[in-house]
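Okay, sequence plus prediction incoming.
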6 protein chains.
Amino acid sequence: MTNSKAASFPIGKLSIMLAVLQDHEWRKDVEDELTAKGFRFTIGRVGAMDIIKVVTAIETAAKNNKIIDSESYREIHAVYHAIIEAIQSIGRGVVQFGDILRTVGLTFSIVRGKMDGALEHSGEWIAVCVYGTIGAPKKGFEHEAIGFGFNHI
Amino acid sequence: MTNSKAASFPIGKLSIMLAVLQDHEWRKDVEDELTAKGFRFTIGRVGAMDIIKVVTAIETAAKNNKIIDSESYREIHAVYHAIIEAIQSIGRGVVQFGDILRTVGLTFSIVRGKMDGALEHSGEWIAVCVYGTIGAPKKGFEHEAIGFGFNHI
Amino acid sequence: MTNSKAASFPIGKLSIMLAVLQDHEWRKDVEDELTAKGFRFTIGRVGAMDIIKVVTAIETAAKNNKIIDSESYREIHAVYHAIIEAIQSIGRGVVQFGDILRTVGLTFSIVRGKMDGALEHSGEWIAVCVYGTIGAPKKGFEHEAIGFGFNHI
Amino acid sequence: MTNSKAASFPIGKLSIMLAVLQDHEWRKDVEDELTAKGFRFTIGRVGAMDIIKVVTAIETAAKNNKIIDSESYREIHAVYHAIIEAIQSIGRGVVQFGDILRTVGLTFSIVRGKMDGALEHSGEWIAVCVYGTIGAPKKGFEHEAIGFGFNHI
Amino acid sequence: MTNSKAASFPIGKLSIMLAVLQDHEWRKDVEDELTAKGFRFTIGRVGAMDIIKVVTAIETAAKNNKIIDSESYREIHAVYHAIIEAIQSIGRGVVQFGDILRTVGLTFSIVRGKMDGALEHSGEWIAVCVYGTIGAPKKGFEHEAIGFGFNHI
Amino acid sequence: MTNSKAASFPIGKLSIMLAVLQDHEWRKDVEDELTAKGFRFTIGRVGAMDIIKVVTAIETAAKNNKIIDSESYREIHAVYHAIIEAIQSIGRGVVQFGDILRTVGLTFSIVRGKMDGALEHSGEWIAVCVYGTIGAPKKGFEHEAIGFGFNHI
Ligand SMILES: [Mg+2]
Ligand SMILES: [Mg+2]
Ligand SMILES: [Mg+2]
Ligand SMILES: [Mg+2]
Ligand SMILES: [Mg+2]
Ligand SMILES: [Mg+2]
């Protein structure tokens, strides 16, 4: 059974698969597992030279898709730091895109739910994954990159 | 046909899948595609508090598995910078593990081959992906993370 | 009345005062306000060239003084990131002490409680403040510095 | 006597108290000690998403209030690096505000004078402290932070 | 013989001399050695508060002067990372100019050729050196700085 | 006349030439200019995987050669920050050598004196330049790099 294949994917891996698989048929298995586990999740896309647009796109998607409560600063603080971690992760040492003449074309995923593992009662966590291309603002003059942030929520 | 499913995975995504899928049955499809494309690749594991052990483990795996020519400084320079990018990527703003009391348990993949896409003749590239857990040196007090580096070789 | 003087100090400012005031008589007012508000707090000292000792000292103080539940990874994750922020804050661009030949002599405070302000229901937060000297490992060849980290818990 | 209470505050601590106390009655004691010691000091406020506005506001206040000689590059160099340290300190790992969708509302203090301590003849130093809120550009969706820079002048 | 004096300069040193010597008579010796070795090289100038202008100026000079093949993403990737390294190098901890109120007036050099040394067959490398002033946007309120990046190409 | 050739070299450029030229005959002209201008200067070498050894070597050379007054914290603070800037500059984004499996073999120069230029009365400054190789701890598997720090003293 397809669903069982992905049964052991923890929350972070699910967010990675979601961002990476895009239209691949495996994505259905990933989404099935997310649903079966009761996780909240969403996928979006953003292309930008300005980091602020990437932060805004992900934060807005988290709010609009009810991954977080947009009235709760606590939840916004949690997702914000996960987003910044994901941007630091994809930036690899420089937290800048357009300022250093690189543009990004990203698919992002946000997943909220419990962590698997040895510990019970650890509450909910939020994973943000960004996958796509980073490079010069010219078609084909770019390469792949992935970033990931994680936080308790 | 299973193989066709993964047919569109570019080099970076293949390295991500390789590091993330571990014993999942999908990994065979990924390896089949890597083989079909003539890519050189390897997978390894490393757990450490010292970054130097992570760098050494990945660089040694690249040499021992003939992903790179261990006599060529040029190739070692290429993989070295891809490794450092991957470590910056998983570190999310701090290029330190044990120094700030965190340990990592990582599966890493190295993939070498041509980039897909609009451009011909762009030669070979190398992708390094690290996936696993990062956190306190205590079982279960850690969370997932992923890092990725990429370079021309 | 002395106590009323400090009545408007929010959680972060209380942690700053706690770390900075040391034996000054104003500290009693700060502690009175902390107690009146039902905040959990502690103060400690650490001198080190290794960041790991600073992280360990603060994290251990948080556990031993019941500021956080030492069995909860969620709470440890929250205080850990607040500690790292405080170290980045005092490091001012370099997250290293002994590696670059500087030593620190720090008083640290940890405060946990509700945030004041416009928002209700935002739950508990944790503030970590480190204050002291940073400089050469030679008496008097050092200057003051302060660092601060903050997180939802 | 109130003044004696603060008698042992060194230059950095005075700058921290000045930035943090705002309208609290303790501030008078701090200002009295600053005056008694012959220190030059000033306080200002700046709210911004652009770091350049924060740098400019502090540097301009230092010049306009004669904390530094605005015709001396040497003095401007000293205060500039203290300002950048303070911004790195409040930024905690990322030297950006608006670019990553965060805004700051800061009170800053600048203090210039001699360092206390074991060493004589160490000349004058300058402390820059920034205290306030950092967070989303939405009332209440922000938390406290402090930053501190220090330099010989 | 003048030319022999510089005979032992490796590629990086040649790029440094080229950026630093400007109109000094020694520059001719450096250029003679570059020519004798068959290295491709160019010199340019850029003054800016925006990093993107510096990156663009150097990358464009590399293309226009045929140091790299502007149709090859591989070569652009190589020079891009060398440029970013040079900017990190001159920035000394902060990869920002105008954002933190500093401007740069730079002479840059780009040199492409073989590395000298113990190893044969290591192919071609590219060195980017930037030298000039960094400081406040006011004549004379600035000081010298140098940055250097290096990559295989 | 040879001496006149270098007559226009400002302090930073003199430190760069001193670190880079080594046994080249031009070095004499550089030293002549340094002497003519009344600058204090020294040259040293250090090979290390630990940053602390590099910092110590440069700081010790500054003290032993009377470039700075080893009893003055003020002067040590000035040279210390110039050294850290030089290390950040040569590190290009990562302030680590051995921790990320790279070693350095450096020639360093320290120059103290007045700045040339439009401004009078700007007092003394200190330049620290490091030039050499950085790379794997294996002969020939390394490339050139340069770093530079500057401060008022
Ligand atoms: Mg974490
Ligand atoms: Mg790249
Ligand atoms: Mg925060
Ligand atoms: Mg200092
Ligand atoms: Mg390199
Ligand atoms: Mg400077």
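Sure thing, it's come through. Ligands and ions are numbered 1, 2, ... in the order given.

Which helix runs longest in chain A?
If you go by DSSP state H, chain A has its longest helix at helix A:73-91.

That helix: how far from the chain's middle?
When C-alpha coordinates are averaged (Cα atoms, centre = their mean, to the nearest Å), helix A:73-91 and its chain have centres 10 Å apart.

quick check, A:Val130 in a strand?
Yes - per DSSP: H, G, I helix; E, B strand; the rest coil, A:Val130 lies within a strand segment.

sorry, back to before: got the angle for the longest helix of chain A vs helix B:73-91?
180 degrees (axes from the mean of the first three to the mean of the last three Cα atoms, to 10 degrees).

Is helix A:73-91 positioned near chain D?
Yes - residues of helix A:73-91 contacting chain D under Cβ under 8 Å from any Cβ of the partner chain: A:Tyr73, A:Ile76, A:His77, A:Tyr80, A:Ile84, A:Ile87, A:Gln88. (C-beta placed from N, C-alpha, C; glycine too.)

Give me the helices and strands touching that helix, please.
helix A:51-64, strand A:103-114, strand A:124-135, strand A:142-152, helix B:73-91, strand B:142-152, strand C:142-152 (3 or more Cβ pairs under 8 Å, 6 or more residues apart in numbering or on different chains; DSSP states H and E).

Now the fifth one: average pLDDT?
Read that as helix B:73-91. Mean pLDDT, helix B:73-91: 97.

following the helix or strand of chain A with the lowest mean pLDDT, which helix or strand comes up?
Ranked by mean pLDDT, DSSP states H and E, the helix or strand of chain A with the weakest confidence is helix A:2-5, at a mean of 44. Using DSSP states H and E, the helix or strand that directly follows helix A:2-5 along the chain is helix A:11-21.

check contacts around the closest residue to chain F within chain A.
With Cβ to the nearest Cβ, the shortest gap between chain A and chain F falls at A:Gly93, namely 4.6 Å. Residues in contact with A:Gly93 (Cβ atoms under 8 Å, 6 or more residues apart in numbering or on different chains) are B:Glu85, B:Gln88, B:Val95, E:Gln88, F:Gly93, F:Val94.

Let me know the pLDDT of the last one.
The predicted local confidence for F:Val94 comes out at a pLDDT of 93.

On the three-state scheme, it is what?
coil.

Can you tell me the closest non-neighbouring residue to it?
Closest residue in space to F:Val94, ignoring its immediate chain neighbours: B:Val95 at 5.4 Å, by Cβ to Cβ, 6 or more residues apart in numbering or on different chains.

In this structure that neighbour contacts B:Ala86, no?
No - using Cβ atoms under 8 Å, B:Val95 makes no contact with B:Ala86, being 11.0 Å away.

okay, these two: which has more neighbours?
B:Ala86 (31 against 20; other Cβ atoms under 10 Å in any protein chain shown).

Near chain E, which residues of chain A? Just list them.
Residues of chain A lying near chain E (Cβ under 8 Å from any Cβ): A:93-94, A:96, A:98-101, A:135-136, A:140-143.

When you filter these down to buried only, what's left?
Listed as buried from the residues of chain A next to chain E are A:Gly93, A:Val94, A:Gln96, A:Gly98, A:Asp99, A:Ile100, A:Leu101, A:Gly135, A:Ala136, A:Phe141, A:Glu142, A:His143; burial here means 16 or more other Cβ atoms under 10 Å in any protein chain shown.

coming back round to it: any idea which of the helices and strands packed on helix A:73-91 gets closest to F:Leu18?
Nearest of the helices and strands packed on helix A:73-91 to F:Leu18, taken as Cβ to Cβ: helix B:73-91 at 28.3 Å.
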